[in-house]
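**Student:** sequence unknown, structure follows:
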């Protein structure tokens, strides 16, 4: 019995799509590819926008992909309150499309960074964190050149006020520290959600952490949360 | 023989080697890199003078880069057969059977000259080019490794090149979605004028999907897929076949510009075409563009091709047939297909946003025909381009410098002082060149070795590479001697390991030994993570082959590599030759780089180099005793490089291939028994550096896991071979040594039983402690060799805090970028 039917959107230049498909399938979901040219999303329980370099990240990460036909459907889905997860480039696209607030700027190091980080789960009411104890620290890999979360002060304040910060970079012990923030994100933000909480974007890659031998298993918790949510809905 | 008649220069000489006059240097074939004799041969074969386009076609296909004219004969020495080899040399990549209906395609290629001129794009297009070679076999590119050599990082130009190359690899590899999982970086003044950038790509394919790059079936069509063709990179292959000089800078337009996004689309479209069985053959467009791509596919198919220049999608207007046929615009592939499959192929390409244009057809006449606006503008028998390439047997002569470097008197610049050092001496006195004698304690030497750019952490490079995309990477860069990929396609049951190795200093001092050492170390690296080495690809980087001393190095290195490949059962499946690696600063060290593929059925038992916990035992396996001639341990060593400004001296220690084979087999037996917790090869910097690297890897792993400050150390007693000084044991370099960590108790007992049964020399080296300190002891009975399994009595020699060692090791080679 499938844990739910999840669509993985493929933009030209997406390169973590197969990884997300594998992770979902191994965790018992039915995972299907959704082409960026699709105008309709039917028969799906949730949607993942995977990482990669959509349109080569030319101009700006996510800046071109947001004009893909599928993004109209994604926006409509978001408004309907259906679960959407944007990972890395997927997060960047959701911000560019205005589905999530703020922007992802070049890392303070000005380089691509590939390394494991720790994030503390700050909001456990989203479909992707509901099964995780509040304050739990996850170890997940990052791989990005533009991951520095930025938003104007009033937007940032609203995010904090509404509990829209879902993941925050911390030490392994869950403490905030400059050294634990890999890219200079404001307020150590690693992931956020929309006000309704159904759309979540994060820079780390949970799909790269679903096997003990491949960088740990903490990423499973994010997908398994979705499974729990879908199970109660269905 | 047809005389060369040269209209501008009057009459050429008799033998195709005309007197050198100013006018004749303007001869068009010379400008394109062909010799007078070669031109004469072309005229003879054609029975007429070639026109400009035809001359260009000959020039690129007869260049060293495409034609292997100086190397072809010498390369025949390589052992290339084995039951595991599905495709050997001569195709776009070697293909090896790994079981479970899967095969691995892999190949390495150099992009040295472009990187010297334009580091970022040179490296980026190097990555793009080798990925397309793998794609041409129908395989999905799943991993990249880079073997890089630069001048000293303290020299601004070398630092600029090193940074640019690393950024270029990152920029292209990250975007195209192929993880960069390993490789090596070394620095030496020998590469200051001519850096090396060798990229290895690995592809995974279901055996039945294996595709050949052959144009077969008369009437089939040639479809050009991908990027529009522009004027970029015309004569890149020719550029690769000459030495770098002051004018190289002006060849910058010969360096192409890469578009990794386009490449990603190309990968997906081509794999879909292969998956659906729509292609008869696939070939990449690399050096010499359409010309070589069409000629090679037709050559392999035993057919001809008829190509329509104006059918080629062009980026600029007014391009001549010459420009179109020789352009090296990147991100293009040639698909040979039956005419009825054209619509399906076009549909796939358009869906991925790519051009797909039928540019020609396969013919049965064996001719390469180029048409432009209905007229034939060039026509050459394919055979002349691919099979009549001149093959030379260049003169080989032992280099004069060897008489100097071999002299024992020159060797122990370092060793003399070292050997004289008393058993327990701090500080020991090391004499470098007479005027620069060095006083250093062993503690300082260890720290300096760890901080040497060649030994030190390469995190500054690999952290910029996405090494995890495609989620197969189980042993990450820096964590082990080889990269390990677990293949999810096989239900995680199969793993492949990859390593590159090649030490230019050792090859310089003795190319044959250097060749053997490179193969042995690459195989050992793969075995160190628990995989069985099964096949080789390589990249042979040398100077000008027309110099007999260089060609001698080349032949000797091939001989050495072949001997080791035979002894270890790892056939050579292909590779690349890069000659003319010279600049005003002279030729590079002869640098054959070996790419080794290993395979395992128990990836769950594979390990990196980091010991996991207190109490684990460290065992030293293999060539526990040093070489017959103790001074060999310094020849080309890292310590020699550190202390002597005179360059490599001496003769490096040779590898005993039978012992090496037994070492690797035994190590793999230990892995199968599940008792190995960590393993590390003793290499640059010797035993003390190897121990430090293992503990630093442990500290790094704990730090990444968020476990805070390092909490493990090691307490090690150096072997007691009385012929060798303590410093030799600590820092001397000789092959066939591996340090293994095992859990105490039952695992240790099983390991010991296996070792005793193997007949392999081994000793207990020490154990992992709970203090972040590296302690090195000397056996108190320094005169006699401790028997295996018995811990000798010991005196502390020196200690280094792990924190200090880690700090030294983590030092970045160049300061912060402006």
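**Tutor:** Received it, and whenever you're ready, just let me know what you need. Remember, predicted model here, so these are calculated numbers, not experimental data. Residues are numbered from 1 along each chain as shown, chains lettered A, B, ... in the order given.
**Student:** do you know how far the nearest residue to residue B:487 once chain neighbours are set aside is from residue B:47?
**Tutor:** Nearest residue to residue B:487, sequence neighbours excluded (CB to CB, 6 or more residues apart in numbering or on different chains): residue B:494, at 4.6 Å. In short, each C-beta sits where N, CA and C put it, glycine included. Noted for residue B:494: a distance of 55 Å to residue B:47, by CB to CB, to the nearest Å.
**Student:** any idea where the strands of chain A begin and end?
**Tutor:** A:5-10, A:30-35, A:46-49, A:84-87, A:103-105, A:113-121, A:137-144, A:148-150, A:165-170, A:189-193, A:199-202 (DSSP state E).
**Student:** show me what the helix or strand harbouring residue B:368 is packed against.
**Tutor:** Applying DSSP states H and E as the criterion places residue B:368 in strand B:367-372. Using 3 or more CB pairs under 8 Å, 6 or more residues apart in numbering or on different chains; DSSP states H and E, the elements in contact with strand B:367-372 are helix B:289-301, strand B:304-308, helix B:321-326, strand B:375-381, helix B:382-386.
**Student:** give me the distance from it to the chain's centre.
**Tutor:** 37 Å (CA atoms, centre = their mean, to the nearest Å).
**Student:** just checking: what are the partner strands of that strand?
**Tutor:** If you go by DSSP bridges, strand B:367-372 pairs up with strand B:304-308 (parallel), strand B:375-381 (antiparallel).
**Student:** so for that strand, mean pLDDT?
**Tutor:** Strand B:367-372 shows a mean pLDDT of 97.
**Student:** which residues sit against that strand?
**Tutor:** B:53, B:57, B:294-295, B:298, B:304-310, B:321, B:325, B:363, B:376-382, B:385 (CB atoms under 8 Å, 6 or more residues apart in numbering or on different chains).
**Student:** need the strands paired with strand B:367-372 in TSV (columns: mean neighbour count and mean pLDDT).
**Tutor:** TSV is the format used below for the strands paired with strand B:367-372 (neighbours: other CB atoms under 10 Å in any protein chain shown; pLDDT from 0 to 100):
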stretch	mean neighbour count	mean pLDDT
strand B:304-308	23	96
strand B:375-381	17	96
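**Student:** for residue B:230, which of those strands is the nearest?
**Tutor:** Nearest to residue B:230, of all the strands paired with strand B:367-372, is strand B:304-308, at 17.5 Å by CB to CB.
**Student:** residues from chain A in reach of chain B?
**Tutor:** A:12-13, A:15-16, A:18-19, A:22-23, A:51-53, A:55-58, A:111-116, A:118, A:137, A:139, A:141, A:143, A:145, A:171-173, A:205, A:207-208, A:211, A:213-215 (CB under 8 Å from any CB of the partner chain).
**Student:** hmm, try it at 7 Å
**Tutor:** Contact residues, chain A versus chain B (CB under 7 Å from any CB of the partner chain): A:12-13, A:15-16, A:18-19, A:22, A:52-53, A:55-58, A:111-116, A:118, A:139, A:141, A:143, A:171-172, A:207-208, A:213-215.
**Student:** select only the buried ones of the residues you listed in PyMOL?
**Tutor:** To isolate the buried subset of these in PyMOL, counting by 16 or more other CB atoms under 10 Å in any protein chain shown, use the following:
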select buried, chain A and resi 12+13+15+16+18+19+22+52+53+55+56+57+111+112+113+114+116+118+139+141+143+172+207+208+213+214+215
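**Student:** low-confidence ranges, the stretch 351-500 of chain B, go.
**Tutor:** Applying pLDDT under 70 to the stretch 351-500 of chain B picks out residues B:408-439.
**Student:** also chain A?
**Tutor:** By pLDDT under 70, the low-scoring segments of chain A are A:234.
**Student:** how does it look with 90?
**Tutor:** A:1-2, A:38-42, A:59, A:212-215, A:232-234 (pLDDT under 90).
**Student:** could you pull up phi and psi at whatever residue of the stretch 651-800 of chain B ends up closest to chain A?
**Tutor:** With CB to the nearest CB, the shortest gap between the stretch 651-800 of chain B and chain A falls at residue B:706, namely 1.9 Å. Dihedral pair for residue B:706: phi 80, psi 20, per degrees, to the nearest 10.
**Student:** let me see the contact set for it.
**Tutor:** When contacts are counted by CB atoms under 7 Å, 6 or more residues apart in numbering or on different chains, residue B:706 touches A:118, A:139, A:171, A:172.
**Student:** going by distance to chain B, which of the residues you listed wins?
**Tutor:** Closest approach to chain B among the contacts of residue B:706 (CB to the nearest CB): residue A:172, at 1.9 Å.
**Student:** show the contacting residues for that closest one.
**Tutor:** With contact taken as CB under 7 Å, 6+ apart, residue A:172 is in contact with A:118, A:137, B:705, B:706, B:707.
**Student:** I'd assumed residue B:202 was in a strand, is it?
**Tutor:** Yes - assessed with DSSP: H, G, I helix; E, B strand; the rest coil, residue B:202 lies in a strand.
**Student:** could you measure it against residue A:126, distance?
**Tutor:** Separation of residue B:202 from residue A:126 (CB to CB) stands at 38 Å.
**Student:** same check on residue A:105?
**Tutor:** Taking CB to CB as the measure, residue A:105 falls 24 Å from residue A:126.
**Student:** the more surrounded of those two?
**Tutor:** More crowded of residue A:105 and residue A:126, by other CB atoms under 10 Å in any protein chain shown: residue A:126, with 27 against 17.
**Student:** my guess is that one contacts residue A:199. True?
**Tutor:** No - Residue A:126 is not in contact with residue A:199 according to CB atoms under 7 Å; the separation is 8.5 Å.
**Student:** related to what we said a few turns ago, give me the more crowded residue out of residue B:494 and residue B:47.
**Tutor:** Neighbour count, other CB under 10 Å: between residue B:494 and residue B:47, residue B:494 has more, with 21 against 7.
**Student:** contacting residues for that one?
**Tutor:** B:98, B:99, B:100, B:102, B:487, B:601, B:603.
**Student:** which of the residues you listed count as buried?
**Tutor:** Buried members of the contacts of residue B:494, counted by 16+ other CB under 10 Å: B:98, B:102, B:487, B:601, B:603.
**Student:** would you reformat those as JSON lines and include secondary structure and distance to residue B:734?
**Tutor:** Converted to JSON lines, these look like this (DSSP: H, G, I helix; E, B strand; the rest coil; distance: CB to CB, whole Å):
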{"residue": "B:98", "secondary structure": "strand", "distance to residue B:734": "32"}
{"residue": "B:102", "secondary structure": "strand", "distance to residue B:734": "37"}
{"residue": "B:487", "secondary structure": "strand", "distance to residue B:734": "35"}
{"residue": "B:601", "secondary structure": "coil", "distance to residue B:734": "32"}
{"residue": "B:603", "secondary structure": "helix", "distance to residue B:734": "31"}
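**Student:** need the max-distance pair from these.
**Tutor:** B:102 and B:603 (13.6 Å).
**Student:** quick one: distance of whichever helix in chain A runs longest to the chain centre.
**Tutor:** Identified as the longest helix of chain A according to DSSP state H is helix A:220-233. Its chain's C-alpha centre lies 15 Å from the corresponding centre of helix A:220-233 when counted by CA atoms, centre = their mean.
**Student:** what helices or strands is it leaning on?
**Tutor:** On a contact count with 3 or more CB pairs under 7 Å, 6 or more residues apart in numbering or on different chains; DSSP states H and E, helix A:220-233 meets no helix or strand.
**Student:** ok so, going back, looking at the contacts of residue B:706, which one is closest to residue B:406?
**Tutor:** So of the contacts of residue B:706, ranked by how close each gets to residue B:406 (CB to CB), first place is residue A:139, at 53.2 Å.
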